[in-house]
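Participant: What shape does this take:
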Amino acid sequence: MSSATYLVSAPDQPGLVARLSGFFYELGLNILDASNHTDVHAEGAPRFFMRLVVDLAGLAKPGAAEKLGGSADRKALEKAFNALGEALAASWSVGYSDVLPRVAMLVTKDPTCLYDLILRQRSGELQCEIPVIISNHSHLESVADSFRIPFVALPVTAETKAAQEKQILAELKRHHVDLVILARYMQVLTDEFLQQAPCVINIHHGFLPAFQGAKPYHQAHARGVKLIGATAHYATKDLDQGPIIEQDVARVTHGMGPEELVRVGRDVERVVLARAVRAHVERRVIVEGRRTMVL
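Facilitator: Okay, here's the model as predicted:
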């Protein structure tokens, strides 16, 4: 069954659910799933958000073609929906179930998140393709080889960073990548890179309180923290300040040493990153300014 997933953001107003669902009803298309939320605390005026999953089988019916101007294909459907979006002053996007997102992994030396995401993808939990793994070291090439995924090693220094990022962008373009995952990629991406790259998701160790710099788990141990956590977010030019997609924490005790905290932290990081990637590839995330709505 082919389906389309629509994400809509609009100024809140009466009748939005009826008009959006009615659009598909008039075409004879069945809505498989729907969720919506109104943010009454939005700056300026309330904002409406909606996710609609629509069965495209109805496009084969004669009535759909007639109402879409004679051509019942996806392009005609998008054109008609855009007219509705303009009438509602809405922003919207659509993705199709039979067009899998192409996801590139950027890694350094830690294989934890890389293994986890590949295994979830191979088991069908993450509906995406992984056409390439890119690293600034060659340490994880054997991991890529074991799964028969192309691996590209692009070493980097402070002097070669600009050139290396251009090489990464070329690889992303060559492999038609839609989404980039920083799976423990231990390099700060420049604003110039982020402006040209596809959407980027990063994982960050999110301690309470926050510990920055080298050996964050050792700092946490020295402070006797009781909770450690992780945050998955979209990467922006402001380091670790992008819109948050997913977060979680784990409780720890005074009896755990730094290495035990590392183990627990890695568990949290890979689960949080996997949840964020899944939400993105399933088209559940709407970015609104510095926030996200996960529907």
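Participant: Below-threshold pLDDT in the stretch 151-295 of the chain: ranges please.
Facilitator: Counting by pLDDT under 70, the ranges of the stretch 151-295 of the chain that qualify are 206-210, 212.
Participant: What strand or helix carries residue 232?
Facilitator: strand 227-234 (DSSP states H and E).
Participant: pull the CA atoms of stretch 169-187 into PDB?
Facilitator: Output of stretch 169-187 as PDB, limited to C-alpha atoms (Å, rounded to 0.1, in the frame of the first residue of the first chain):
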ATOM      1  CA  LEU A 169      29.300  17.600   0.600                       C
ATOM      2  CA  ALA A 170      30.400  16.100  -2.700                       C
ATOM      3  CA  GLU A 171      29.900  12.500  -1.300                       C
ATOM      4  CA  LEU A 172      26.500  13.400   0.000                       C
ATOM      5  CA  LYS A 173      25.500  14.800  -3.400                       C
ATOM      6  CA  ARG A 174      26.900  11.800  -5.200                       C
ATOM      7  CA  HIS A 175      24.900   9.400  -3.000                       C
ATOM      8  CA  HIS A 176      21.700  11.500  -3.200                       C
ATOM      9  CA  VAL A 177      21.600  11.800   0.600                       C
ATOM     10  CA  ASP A 178      18.400  13.200   2.300                       C
ATOM     11  CA  LEU A 179      19.500  13.100   5.900                       C
ATOM     12  CA  VAL A 180      22.900  13.100   7.700                       C
ATOM     13  CA  ILE A 181      23.400  11.500  11.100                       C
ATOM     14  CA  LEU A 182      26.300  12.500  13.300                       C
ATOM     15  CA  ALA A 183      26.700   9.100  14.900                       C
ATOM     16  CA  ARG A 184      29.400  10.200  17.400                       C
ATOM     17  CA  TYR A 185      31.200  12.200  14.800                       C
ATOM     18  CA  MET A 186      33.800  14.200  16.800                       C
ATOM     19  CA  GLN A 187      34.100  17.200  14.600                       C
END
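Participant: is it fair to say residue 7 lies in a helix?
Facilitator: No: using DSSP: H, G, I helix; E, B strand; the rest coil, the assignment for residue 7 is strand, not a helix.
Participant: dump the residue contacts of it.
Facilitator: With contact taken as C-beta atoms under 8 Å, 6 or more residues apart in numbering, residue 7 is in contact with 49-51, 92-94, 283, 285-286, 295. C-beta: built from backbone N, CA, C; applies to glycine.
Participant: And it, how far from residue 33?
Facilitator: The gap separating residue 7 from residue 33 is 12 Å, by C-beta to C-beta, to the nearest Å.
Participant: Equivalent analysis for residue 153, please.
Facilitator: Separation of residue 153 from residue 33 (C-beta to C-beta): 41 Å.
Participant: of the two, who's got more company?
Facilitator: Set side by side, residue 153 and residue 33 show more neighbours around residue 153, with 14 against 11, by other C-beta atoms under 10 Å.
Participant: now the more buried one, which residues is it bridged with?
Facilitator: residue 135 (DSSP bridges).
Participant: residues contacting it?
Facilitator: Residues near residue 153 by C-beta under 8 Å, 6+ apart: 135-138, 141.
Participant: By neighbours, which of these wins?
Facilitator: Neighbour max across the contacts of residue 153 (other C-beta under 10 Å) = residue 135, 25 neighbours.
Participant: just how off-centre is stretch 133-146 within its chain?
Facilitator: Centre-to-centre, stretch 133-146 and its host chain are 22 Å apart (C-alpha atoms, centre = their mean, to the nearest Å).
Participant: The residue nearest to residue 240 when sequence neighbours are not counted: helix or strand, and which one exactly?
Facilitator: Distance criterion C-beta to C-beta, 6 or more residues apart in numbering; nearest residue to residue 240, sequence neighbours excluded, is residue 204 at 5.0 Å. Residue 204 belongs to strand 199-205 when assigned by DSSP H and E.
Participant: for the following helix or strand past that strand, packing partners?
Facilitator: With elements assigned by DSSP H and E, the helix or strand that comes after strand 199-205 is helix 216-223. On a contact count with 3 or more C-beta pairs under 8 Å, 6 or more residues apart in numbering; DSSP states H and E, helix 216-223 meets helix 258-281.
Participant: that older thread, which residues does the residue nearest to residue 240 contact?
Facilitator: If you count contacts by C-beta under 8 Å, 6+ apart, residue 204 has them with 230-233, 240.
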